[in-house]
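Visitor: my questions concern the predicted model and sequence given below.
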Amino acid sequence: MKKLGLLAFAAMFSAAAFAQTTTPATTTPATTTTPTEKAQMKDLRKDVRAYDNKKAEAKAEIKKGNLTAAQTDLAAAKTDKADIKTDAKTLKSEGVAHPVKLATKEVKKADVKKIEVAKTDLKTAKATEQADVKAGNITGAQAAQADAKADKKDLKKDIREAKRDGVKRHLHKA
C-alpha cells in the first residue's frame, strides 16, 4: 500500500512538472525570393516543358516508325534533363526545397489556367452565337460560329499540350 501511494504521488508530481513546462516557440524565417532565383525558376520551368515536349515528340516518332527522328528527340530530351539537373542543383544551393517538383507543379498550374481560359472563350463564343441566332443576325451568328470553331481548336491544342505535361484533371471539354 505504501508503494502504491508513493507511485501515485510521483505520477501527480511528474504530471504537474510537465504541465508547467512550455514548448519553445518556433518561428519560420520569412522566405524571400531574389530576382535571380525567379529567373532560374523560370528557366527551370522552360526546361521542364521542353523536356516533356521532346519526350512526347519522340514517342510520336516511334509510333510512326521514324527511329532516327526519335533518337534526335531523345538526345535533345537528354540535354534538357541535364539542364534541369544543373538548375535544380543551383536552386537547392540557394535554399529552394524540391525545385523540380515545384517547377512541375507550376507548369501544370499554368496549363490548367490556359485550359480554363480557352473554355471560357468557347462558352462566350457559343453564347454570342445563340444570341445572334435569336436576334436574327445571320452574319453575326456565322462569325460567332467561326470564333467558336477556332476556340474549340485552341482548346483541343491546349489539352494535348497539358497532357504532355502530366495534367490529368481539368481536361473535361466545355
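Guide: Here it is on my side, so go on. Model, not experiment: these values are computed from the prediction. Numbers count the residues shown, from 1 in each chain.
Visitor: for N137, give me the backbone phi and psi.
Guide: phi -90, psi 90 (degrees, to the nearest 10).
Visitor: for Q130, see how far away it is.
Guide: Remark: distance between N137 and Q130 (CB to CB, to the nearest Å) = 11 Å. Glycine gets a C-beta too; all of them are placed from N, C-alpha and C.
Visitor: repeat that for A76.
Guide: A76 is 46 Å from Q130, by CB to CB.
Visitor: which of those two has more residues huddled nearby?
Guide: Neighbour count, other CB atoms under 10 Å: between A76 and Q130, A76 has more, with 17 against 12.
Visitor: would you agree the more buried one is in contact with K54?
Guide: Yes. The pair A76 and K54 qualifies as a contact (CB atoms under 8 Å) at a distance of 4.8 Å.
Visitor: what about the longest helix in this protein?
Guide: Looking across the chain with DSSP state H, the single longest helix is helix 99-135.
Visitor: any residues in contact with both of N137 and Q130?
Guide: Residues touching both N137 and Q130 do not exist when contact is defined as CB atoms under 8 Å, 6 or more residues apart in numbering.
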